[in-house]
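1. sharing a model prediction with you, sequence too.
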Amino acid sequence: MKKEDVIGIIIYLIIIALAVVFGFTVLQTHQVNSAFQGMLYYLFVFLSVIIGVLFNSILFELAHIAGAKAGKYEILSVTILYFSFFKENGKFKFRFSSFDGLTGETKIVPKKGYEDKANPTPYLIFGSLFFVVEAIIVMVIFTLFKDKGGALGDLAYGFLTVGAIGLVILFYNIVPLKIDSMTDGYRLTMVSNPKNKAAFNELLRVEHEIQQGNTDVEVKLFDDITNFTADLNLNKVYALLDKKEYKEAEEILDKIIAAKENIDAKVFIRARAQKIYINLITKDLEEAKEYYEKEVPVSERREISNDVSMASIRAYLLMSGLLDKSRSECIIALNNVYRAFKKTPKNRQATEVTLFNEALDRVIAAHADWELEGYKLQIASK
């Protein structure tokens with residue numbers, strides 16, 4: 001289990017603990033004086049929680065929108081609990097969409113002319129500021145009406161529950177650690193470095209260009225390797241692999257791999273996987289094997305085999321087929337390829353089809369009797 005997975009579990013356990021404490025102290029005490037009794041009280045609490053989730057989910061994305069505007073960003077889409085609103089050809093549209101966060105996500109890109117000047121700090125801190133305003137309002141209402149009894153007392157505790165839900169969402173969002181999503185707190189720790197701030201804006205621009213269908217995006221490279229700059233440089237690696245400019249791609253990967261202590265485990269392992277892929281595709285097998293045995297410890301090989309991404313699956317397939325000569329391990333990799341391919345951005349899928357099929361062809365050529373031809377990928381026809 002990776003470090004961020006452990007941290008994520010701890011964060012969720014804290015959230016559950018806070019909810020249990022709130023329920024068995026504040027709400028249980030209030031139940032005695034509530035106008036609602038029995039099952040009606042549990043329904044009241046349930047509705048308060050639902051309203052709290054909806055209200056705070058909307059509030060935090062409104063905060064992101066306001067912060068993005070203040071920081072000179074353009075809003076690309078706003079997703080609240082899988083309901084996504086986006087602008088296309090000058091018109092607002094709706095769709096259901098996944099998101100990176102606890103309750104929603106607002107995607108942004110620097111405004112034209114502000115690519116180097118856009119400031120992500122308001123976008124990342126306005127959620128906390130908006131909650132402070134919410135907390136003040138909630139506490140004023142609670143203080144005024146909590147002892148009134150009847151409907152007014154229930155209203156006060158309903159507002160308090162809404163505020164408690166907001167506190168939970170805020171807690172998740174301000175954690176300055178990498179967990180299962182990119183929290184505002186984690187991003188704030190990153191963009192406190194001026195070089196990361198520039199990389200943050202460049203990464204937003206590049207990802208937007210790719211989503212718009214531009215697969216040949218000019219990517220600015222950064223020599224100071226951090227999580228943001230590594231992600232950005234890996235976008236450049238993809239562009240170089242697509243052009244089969246392997247030497248240039250390998251130089252970028254070597255810098256990322258050398259900065260292992262400064263980047264997340266997942267970013268590092270995918271850079272390592274890309275390096276292994278290039279070695280086994282372009283170099284003599286003995287030379288590639290020497291690098292693999294000397295530079296790639298067993299722990300990293302295991303991480304590559306467990307990582308469901310196209311970069312790792314390509315490398316794992318070649319490792320298993322050409323170096324370990326294990327058909328069963330190849331089948332494990334191939335059984336995960338469709339799941340990884342679905343997570344690949346649509347405008348990168350054509351490149352991945354080429355890269356993956358080339359890796360599979362190498363294994364087929366080495367082991368014609370393994371009958372792996374049926375695993376080749378292809379772009380679905382429209």
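-> Nice, thanks for sending it over.
2. domain parsing of the protein, as residue ranges.
-> Using automatic domain parsing, the domain parsing of the chain gives 3-188, 217-375.
3. switch the ones you listed over to CSV; also include mean pLDDT.
-> As requested, the domains of the chain are exported to CSV (pLDDT from 0 to 100):
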stretch, mean pLDDT
domain 3-188, 91
domain 217-375, 92
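4. dump the ones you listed into CSV; add distance to V206 as well.
-> Using the backbone N, CA and C atoms, a C-beta is placed for each residue, glycine as well. Shown next, in CSV, are the domains of the chain (distance: least, CB to CB, whole Å):
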stretch, distance to V206
domain 3-188, 10
domain 217-375, 5
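5. those domains: which one's closest to K195?
-> Smallest distance to K195 across these (CB to CB): 5.1 Å, for domain 217-375.
6. helix, strand, or coil at E105?
-> Of the three states, E105 takes strand under DSSP: H, G, I helix; E, B strand; the rest coil.
7. and the residue lying closest to it once chain neighbours are set aside, what element?
-> Of all residues not flanking E105 in the chain, F99 sits nearest, at 3.8 Å (CB to CB, 6 or more residues apart in numbering). If you go by DSSP states H and E, F99 is not part of any helix or strand.
8. what about F99, how many neighbours?
-> Number of residues near F99 (other CB atoms under 10 Å) recorded here: 20.
9. who's in contact with it?
-> Contacts for F99 were tallied using CB atoms under 8 Å, 6 or more residues apart in numbering; they are 79, 82, 84, 105.
10. now intersect those with the helices, please.
-> Among the contacts of F99, no residue falls in helices (DSSP state H).
11. show me which pair in these is furthest apart.
-> Farthest pair in the contacts of F99, by CB to CB: Y82 and E105, 10.4 Å.
12. those two: which has the busier surroundings?
-> Set side by side, Y82 and E105 show more neighbours around E105, with 20 against 12, by other CB under 10 Å.
13. hmm, the more buried one is touching T79, no?
-> Yes - if you go by CB atoms under 8 Å, E105 and T79 touch, sitting 4.9 Å apart.
14. who touches both of the two?
-> Common contacts of E105 and T79, defined by CB under 8 Å, 6+ apart, comprise 61, 99.
15. how about the closest residue to Y172 other than its chain neighbours, secondary structure?
-> Leaving aside its sequence neighbours, Y172 sits nearest to L102 (CB to CB, 6+ apart; 4.7 Å). Secondary structure assignment for L102 (three-state DSSP): coil.
16. look up phi and psi at V308.
-> phi -90, psi 80 (degrees, to the nearest 10).
17. and the gap between it and F341?
-> V308 sits 10 Å away from F341, going by CB to CB, to the nearest Å.
18. go on, E248?
-> Between E248 and F341 the computed distance is 25 Å (CB to CB).
19. just I137 next, same as before
-> Applying CB to CB, the value for I137 to F341 is 47 Å.
20. neighbour count for those two, which is higher?
-> Neighbours were counted for I137 and for F341 using other CB under 10 Å; F341 has more, 16 against 13.
21. check contacts around that one.
-> F341 makes contact with 310, 349, 352, 356, 377 under the criterion CB under 8 Å, 6+ apart.
22. the same query, at a cut-off of 10 Å, please.
-> Under the criterion of CB atoms under 10 Å, 6 or more residues apart in numbering, the neighbours of F341 are 309-310, 313, 349, 352-353, 356, 377.
23. distance from whichever strand or helix holds it to the middle of the chain?
-> If you go by DSSP H and E, F341 is part of helix 327-342. Offset of helix 327-342 from its chain centre (CA atoms, centre = their mean, to the nearest Å): 22 Å.
24. flag every buried residue along it.
-> For helix 327-342, burial by neighbour count (16 or more other CB atoms under 10 Å) applies to 327, 329-330, 332-334, 336-337, 340-341.
25. export the contacts of F341 as JSON lines, with columns for distance to L62, secondary structure and neighbour count.
-> Below are these laid out as JSON lines (distance: CB to CB, whole Å; DSSP: H, G, I helix; E, B strand; the rest coil; neighbours: other CB atoms under 10 Å):
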{"residue": "S309", "distance to L62": "33", "secondary structure": "coil", "neighbour count": "20"}
{"residue": "M310", "distance to L62": "36", "secondary structure": "helix", "neighbour count": "26"}
{"residue": "I313", "distance to L62": "39", "secondary structure": "helix", "neighbour count": "27"}
{"residue": "Q349", "distance to L62": "34", "secondary structure": "helix", "neighbour count": "17"}
{"residue": "E352", "distance to L62": "37", "secondary structure": "helix", "neighbour count": "24"}
{"residue": "V353", "distance to L62": "40", "secondary structure": "helix", "neighbour count": "17"}
{"residue": "F356", "distance to L62": "41", "secondary structure": "helix", "neighbour count": "24"}
{"residue": "L377", "distance to L62": "41", "secondary structure": "coil", "neighbour count": "17"}
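26. what two of the buried residues of helix 327-342 are the furthest from one another?
-> Largest pairwise distance in the buried residues of helix 327-342, by CB to CB, is 21.2 Å, between R327 and F341.
27. and I257, how many neighbours?
-> As a burial measure, I257 scores 18 neighbours (other CB under 10 Å).
28. apologies, that question was intended for E261.
-> 6.
29. surely it touches F268?
-> Yes - contact between E261 and F268 holds when scored by CB atoms under 10 Å: they sit 9.2 Å apart.
30. ok, G104 touching F60?
-> Yes - with contacts counted by CB under 10 Å, G104 reaches F60, the gap being 6.7 Å.
31. which neighbours do these two share?
-> Here G104 and F60 have 80, 169 as joint contacts, going by CB under 10 Å, 6+ apart.
32. is Y114 located within a strand, as I assumed?
-> No - looking at Y114 with three-state DSSP, it is coil, so not inside a strand.
33. any idea how far I108 is from it?
-> Here the distance between Y114 and I108 works out to 11 Å (CB to CB).
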